[in-house]
Each structure stands twice: as structure tokens, then as C-alpha cells.
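> quick one: sequence and predicted model below, then my questions.
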Amino acid sequence: MCGRYATTRTAADLTRLFGAEDETAESLAPDYNLAPTDPAPIVRVDTARDARVLSLARWGLVPPWADDPRTGLKMINARAETLATSRVFAPSFAGKRCIVPADGWYEWVRTDSGKQAYYMTDPAGGLAFAGLWTASRFGLSCTIVTTAAQGELARVHDRMPLLLEPELWAAWLRGPADPELLAPPAPGYLSGLEIRPVGPAVGNVRNDGPELTARLAEPDVQAGLF
């Protein structure tokens, strides 16, 4: 699953990168510890304007028929293997797909001494998670699509966000709801990701700041993992 991630690029950076119009009203702030129910930046297509827009959406998809926004707490991730037939996610997969910009995401591995946090990131630049969005009386909300972890990432967790390479952005946002869109990224792309041990502070959702993504000083922290 993906239950915590970092997203720190500015609205100006994201609109330029994705060719989108900004509708965040300058309210987008860096978040090194974004958690479920937090506002998350997403890039989606506004059909009325026929344009890509950068929006803020509550993380945890709240279906239009939901009576309580807390329903979204169970909908922070959508499994790629089943979302096309899901009552909750299928309508969004058909016509409300989005990109969730991220710097990286966190996972935890159990060790003899407790739990070790890891931060998965691309040292060469940011990441783009496949996402779904919808609108309800509670506003915009979104979910992150996950798939089976590939390569070295599987040693950290059995799931990972579905990562979109730039050449797939247009098809994900506007193309037909083809199952091929849900294929995992190429091994060559994944090989460029860094799996970085980080400190325990990220485990507390109240903590924020760049120090959360700093590499842990202990040189042998990964000895039992890699």
C-alpha cells in the first residue's frame, strides 16, 4: 500500500511540468509527511475547460453516494488488479483519472528492534503516481493506484504506487480505460529509484520537514534487507 508520502514541489513547478492551469489559489504548501485525509495536489482534466488543471483533493476517495467523508479513509489506495470492476473505483477509472505528483513515498519494515522506515524516491527528479479522483458534496477527493511491488522494492513491501513515466501521462489522463494503462513500470525505470533508510520521526503524522527524508546515518541499517 501507499499510506504516507512527500510532495514538496510548488504550484508553479507542477503547472509548468504537467502543462496545467493552477486552481489551488496559492494554497499548496510543501508536505514531507502527507497522510490520509490531507489535501493532496493532483493533476486532472477539467472537461468543461478541456484543459489540465492542478487541484487540491482530499486523500481518500469519497464516492458521490457516501454520507460521511470518513468513508475515504478506506479508499486511500485502489488496487490495479481490481479497480476496473470495483463499485467505488470503476467510474473514476473510466473517466476521472489523475496524476498525483510526489517526491517519494514511505514504507516500514519490521526488524528485531522494531520497525525501520524507508523512503523510496527518484534522485533525478520527482515521481508521478497514477491516481483516480471524484467529486461529491464533500469536494474533490482522490486515491492512489497501487500494484504489486517490482524488483528491489518488493523487499520493502509487497505493494507500490503505480508509477507513470512521462510518456504515459497523456494516455493516463485522457485515453480510453484500457487495462494496459495499469501495467507496472519498466524495470529500467525502477532501477533508478533509491530505497533510503530514514529516521522514525516520519511515523508521527504531526512531524513535517525535509529532515524526515534524510538518509539515516547508520551504515548497516539495510544489512538485513539487502
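Structure received.

> helix/strand/coil for A6?
Here A6 is strand, with the state taken from DSSP: H, G, I helix; E, B strand; the rest coil.

> make 322 the first number, not 1, from now on.
New numbering, starting at 322: the last item is A327.

> residues touching it, list them.
Taking C-beta atoms under 8 Å, 6 or more residues apart in numbering, we find A327 in contact with 352-355, 423-427, 440, 442, 533-534. In this view, the C-beta of every residue, glycine as well, is placed from N, C-alpha and C.

> now the residues you listed in a markdown table, with neighbour count and secondary structure?
Below are those laid out as a markdown table (neighbours: other C-beta atoms under 10 Å; DSSP: H, G, I helix; E, B strand; the rest coil):
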| residue | neighbour count | secondary structure |
| --- | --- | --- |
| D352 | 18 | strand |
| Y353 | 22 | strand |
| N354 | 20 | strand |
| L355 | 25 | strand |
| A423 | 26 | strand |
| D424 | 21 | coil |
| G425 | 24 | strand |
| W426 | 24 | strand |
| Y427 | 25 | strand |
| Y440 | 26 | strand |
| T442 | 21 | strand |
| L533 | 21 | helix |
| T534 | 19 | helix |
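
> of these, which is the nearest to W386?
Top of the list for closeness to W386, among the contacts of A327 and by C-beta to C-beta, is L355 at 26.1 Å.

> how near is that closest one to I397?
According to C-beta to C-beta, to the nearest Å, L355 stands 11 Å off from I397.
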